[in-house]
Each structure stands twice: as structure tokens, then as C-alpha cells.
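Q: Below are the sequence and a predicted model for it; my questions follow.
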Amino acid sequence: MHLIEVVTEQGYQDTVQGLAEQRQVIDSWVLQADETGGRVCVRILVTDECTQALLDGLQKVLGASEGSRILLLPVEAVLPRPAGEVAAQEASKTTREELIEEMERSARLDLSFLGLVALSSVVAAVGLISDNVAVVIGAMLIAPLLGPNLALALATAIGDHHLAATALRTTFTGLLLAIAIAFVVGLMWSTPLGSLEVLARTDVGLDGVALALASGAAAALSMTTGVSSVLVGVMVAVALLPPATVLGLLLGTGQWPLALGAGLLLAVNVVSVNLAAKLVFAWRGVRPRTWMERQRARRSLMAFIVFWLISLLILLGAVALRHVLMAN
């Protein structure tokens, strides 16, 4: 459930309450009017299924009112519990506005993001060189590289070009920083790398593609349903940091054939996560509010799905060719 708080001019009060009645919300009430500013506060308790539709209706009605504000607040519990079908709802559905807010934070390129990427790259390099699985997993959980990829998938689903550009910039900056730090560590390493943790990330097969697709879909599904705890498992299952770190280490030590395999694994993971996340966002009905924005977003979504599909096919072809050359 959500609590929607609408602060608007008194002239809109009946309209707001009428929209709430049309959506058959759980409850609604009006707080005391602001006598100086001429505004009222209407609070609406609404189910997850009705939240997005009511938000869209409110934005349409209040779009021309500069003094209006719409606040969306999560509700942990209501006592007494609503009876009937309301009490037996399915898993909650995150609204478009909540997704955008969370993804904008995840895609933000700031010192905190760069610091986490740098520190996790060092931790990952140490774990990979020493063949320490626990340390590598710790680096996966520190690295914030999954967020910008999910933000890119969401941006194309809703046609938000600004968010897409920000997510792309953050993703590439983070990956390049991780590779650069690992490259420096590789330059300082005097002997070729051959630990199991390094070698395990120098090749990719169909099982790796399936894992990346499933993990990307799970990540997007966890975002749309509000079950964010699933993301911890996703970060471990299809971590983007270890392949990037292995790529940098092997480039630094001059092991070019193995570095190519790590680069292919990294590219497959990025493409698969974005492709699967886009498909899940489309399936969950994440789309803009207005008709014109939906048409533009639909074209953007289809274009990017085709782009990622072609990219994945090209990468799979490159992987197959590499296997053939190595066998000969």
C-alpha cells in the first residue's frame, strides 16, 4: 500500500477526491486548509495496484497548477487491516516514479561512486591474484556497477534520454576505472597470472549467457516488485567487476589471449543484463504517462532491444570463433 499526499489549491479539492473515488481507494481524508496560502492537503490510502493509475490521473489534472505537490509515501502496515480482496494482494508493484528516483540515484556519477569502484577494484584484484573466493565475493558486493546498467534499461523503457545518457556515462566511467586500476596492479605483478579465480573469468559459454540473462531479469523484476534484497544475489551471480578486473590484470601482465576472453565475458554480461532488464520492464508495463511519450518510448525500447540482440549474437559469434582458433 501507499499513502498519496496531495497539496493543492482549494479549487482542486473536489477533483482530487473524485479521482480517489473513481479508483476505489481504501480511504481518503482532508487535512485543515492553509488559510494564508489557500491550499488544502488531501491524503489518500491506496493499494499498490491502483497507485500508478491514480498518480497518472493526479499529474494530468494538476499539471497546470504550479502550487500543487504530490507526495508518495510507503505504508508498512494499516490497522485494522483492510478486509476482503485488499488484504490478499499480490507482491507489491513499484511505481514508475519510485523506479525513476531510485535509478537516478544509482546512475549518479559522483565521488562516492568512483570511490566504491576504486576500492572494490583493489579488493577484487587482491582476491583474484590470491585465489580467495571470499574476497572476490566481497568486492562484488562493494562495486556499484549493476545500478547504472539497470538505469540504462529503465531509461530506454520510458524514453528518458537524459537518464540514458547519464547511465551510459556512469557505466563506462566505472568500467574504465576498474580496468585501469587493475591494469596498474598487473604492471606491478612480476609473473603471469594463473589462479583459478582468474582463469575462470577468461572464457564464456552458453551457460554464462543464460546466467547473465536470468540475473538481469531477476534484477529488473526485484526493482519493479520492491524486493530489493534479491539484488544482493544478482550482484554475486553476474558481477561485472571481476571480469573487468581480470581484463585489466591480464592486460597489465601482457597475457593478451586470456585478456580477450575476459573482455568477451564482460561484454556478454553487460549486453545480457541490459537485454533481459529491458524485456522485464516492458513485461511489467513500465512506461511513460502520456500517449506521445509512450509512442516515443516504444520506438526507443524496440530499437535498443534489437541493438542488444544483434550485439549478443555478434559476441556469441566471436566466442565461437575464439574457441575454434584455440582448438586448432
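A: Yep, that arrived.

Q: Return the residues in contact with G159.
A: 288, 293, 296-297, 300-301 (Cβ atoms under 8 Å, 6 or more residues apart in numbering). Any C-beta I mention is one placed from the backbone N, CA and C, and that applies to glycine too.

Q: So which residues of the chain form strands?
A: Remark: strands assigned in the chain by DSSP state E are 2-9, 27-30, 39-46, 69-74.

Q: quick one: buried residues of the longest helix that the chain contains?
A: Longest helix of the chain, by residue count under DSSP state H: helix 291-327. Within helix 291-327, the residues scored as buried using 16 or more other Cβ atoms under 10 Å are 297, 300-301, 304-305, 308, 311-312, 315-316, 318-319, 322.

Q: Out of those, which comes closest to I4?
A: A297 (23.9 Å; Cβ to Cβ).

Q: what's the closest non-adjacent residue to L145?
A: Among residues not flanking L145 along the chain, L240 sits closest, at 4.4 Å (Cβ to Cβ, 6 or more residues apart in numbering).

Q: quick one: pLDDT of that neighbour?
A: According to the prediction, L240 has pLDDT 86.

Q: Please list all residues in contact with L31.
A: Contacts of L31 by Cβ under 8 Å, 6+ apart are 40-43.

Q: quick one: it and T8, what's the gap?
A: Going from L31 to T8 by Cβ to Cβ, to the nearest Å gives 12 Å.

Q: what's the overlap in contacts for the two?
A: With Cβ under 8 Å, 6+ apart as the test, L31 and T8 both reach 40, 42.

Q: coming back round to it: can you tell me which two in the buried residues of helix 291-327 are farthest apart?
A: A297 and R322 (36.7 Å).

Q: Identify the residues contacting stretch 61-70?
A: Taking Cβ under 8 Å, 6+ apart as the rule, stretch 61-70 contacts 4-9, 12, 15-16, 19, 37, 39, 55, 58-59.

Q: Considering those, which possesses the most neighbours?
A: V6 (27 neighbours; other Cβ atoms under 10 Å).

Q: Give me the spatial nearest neighbour of that one, chain neighbours excluded.
A: Nearest one to V6, counting by Cβ to Cβ, 6+ apart, is V42 at 4.5 Å.

Q: was I right about that neighbour contacting Q13?
A: Yes. With contact defined as Cβ atoms under 8 Å, V42 reaches Q13; the gap is 6.5 Å.

Q: which residues do the two both contact?
A: Counting by Cβ under 8 Å, 6+ apart, the residues touching both V42 and Q13 are V30.

Q: And these two? Which one has more around it.
A: Between V42 and Q13, counted using other Cβ under 10 Å, the more crowded position is V42 (21 against 17).

Q: how about the more buried one, what does it touch?
A: So V42 contacts 5-6, 8, 13, 16-17, 20, 28-31 (Cβ under 8 Å, 6+ apart).

Q: Can you pull up the most central residue in this structure?
A: Against the mean C-alpha coordinate of the chain, by Cα atoms, centre = their mean, the closest residue is L150 at 2.6 Å.

Q: returning to what we had before: between the contacts of stretch 61-70, which is closest to V135?
A: Once Cβ to Cβ is applied, the member of the contacts of stretch 61-70 that ends up nearest V135 is L55, at 44.1 Å.

Q: remind me which residues of the stretch 201-328 of the chain are low pLDDT?
A: 226-238, 291-292 (pLDDT under 70).

Q: neighbours around the nearest residue in space to A164 that is not next to it in sequence, how many?
A: Nearest non-adjacent residue to A164, counting by Cβ to Cβ, 6+ apart: A155, 3.7 Å away. A155 has 27 neighbours, counted by other Cβ under 10 Å.

Q: How about G194?
A: 10.

Q: Run through the stretch 51-200 of the chain and note the low-pLDDT ranges.
A: The model of the stretch 51-200 of the chain has pLDDT under 70 over residues 83-92.

Q: So the residue nearest to L145 is in contact with L146, correct?
A: Yes. Taking Cβ under 8 Å as the definition, L240 is a contact partner of L146 at 6.7 Å.

Q: anything in contact with each of the two?
A: V273.

Q: all helices of the stretch 1-150 of the chain, in order?
A: 13-22, 48-62, 96-106, 111-130, 133-142, 146-158 (DSSP state H, counting those that start in this stretch).

Q: Output those helices as JSON lines; include the columns distance to L258.
A: JSON lines is the format used below for those (distance: least, Cβ to Cβ, whole Å):
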{"stretch": "helix 13-22", "distance to L258": "60"}
{"stretch": "helix 48-62", "distance to L258": "48"}
{"stretch": "helix 96-106", "distance to L258": "31"}
{"stretch": "helix 111-130", "distance to L258": "12"}
{"stretch": "helix 133-142", "distance to L258": "17"}
{"stretch": "helix 146-158", "distance to L258": "25"}
